[in-house]
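> what follows is a predicted protein model with its sequence.
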Amino acid sequence: MNELRRLGQGIEHGEDWLTITPAPVTPAVIECYADHRIAMSFAVLGCAVPGVTIKDPGKLPPPSSHTLSAHL
């Protein structure tokens with residue numbers, strides 16, 4: 001939720017719900033918390049919106065056996 005807020009999106013949440021109110025994207029540096037899913041999700045946005053970057057992508061762990069190709 002913090003990363004969406006950095007991008008200027010409205011966020012409300014409760015114990016078992018989440019509402020995102022879309023707004024124009026504000027350029028920001030995204031923290032991925034060493035989670036490739038966050039990095040990849042926001043990397044797609046970064047391809048479309050100038051100024052959206054991923055902080056420390058080199059700190060992501062290497063791919064593991066949980067990749068898609070391992071399940072094919």
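Sure thing, it's come through.
> how near is residue 12 to residue 2?
14 Å (Cβ to Cβ, to the nearest Å). C-beta here means a position set from N, CA and C on the backbone, and glycine is covered the same way.
> ditto for residue 47
21 Å.
> same question for residue 48.
In terms of Cβ to Cβ, residue 48 sits 21 Å off from residue 2.
> which residues does residue 26 contact?
6-8 (Cβ atoms under 8 Å, 6 or more residues apart in numbering).
> just for this structure, where's the confidence low?
Along the chain, segments meeting pLDDT under 70 span 59-72.
> show me where it has helices.
Ranges of helices in the chain, per DSSP state H, are 2-6, 36-48.
> so where do the strands sit in the chain?
Applying DSSP state E to the chain gives strands spanning 10-13, 18-21, 29-31, 53-55.
> right, and these - which one's nearest residue 39?
Closest to residue 39 of the strands of the chain is strand 53-55 (Cβ to Cβ; 5.2 Å).
> quickly run through the sheet partners of the closest one, with directions.
strand 29-31 (parallel) (DSSP bridges).
> picking that back up, just say which of the strands of the chain is most tucked in.
With neighbours taken as mean count of other Cβ atoms under 10 Å, those reach their highest mean count in strand 29-31, at a mean of 17.
> pull the residues that contact it.
With Cβ under 8 Å, 6+ apart as the criterion, strand 29-31 contacts 2-3, 6-7, 38-39, 42, 46, 52-55.
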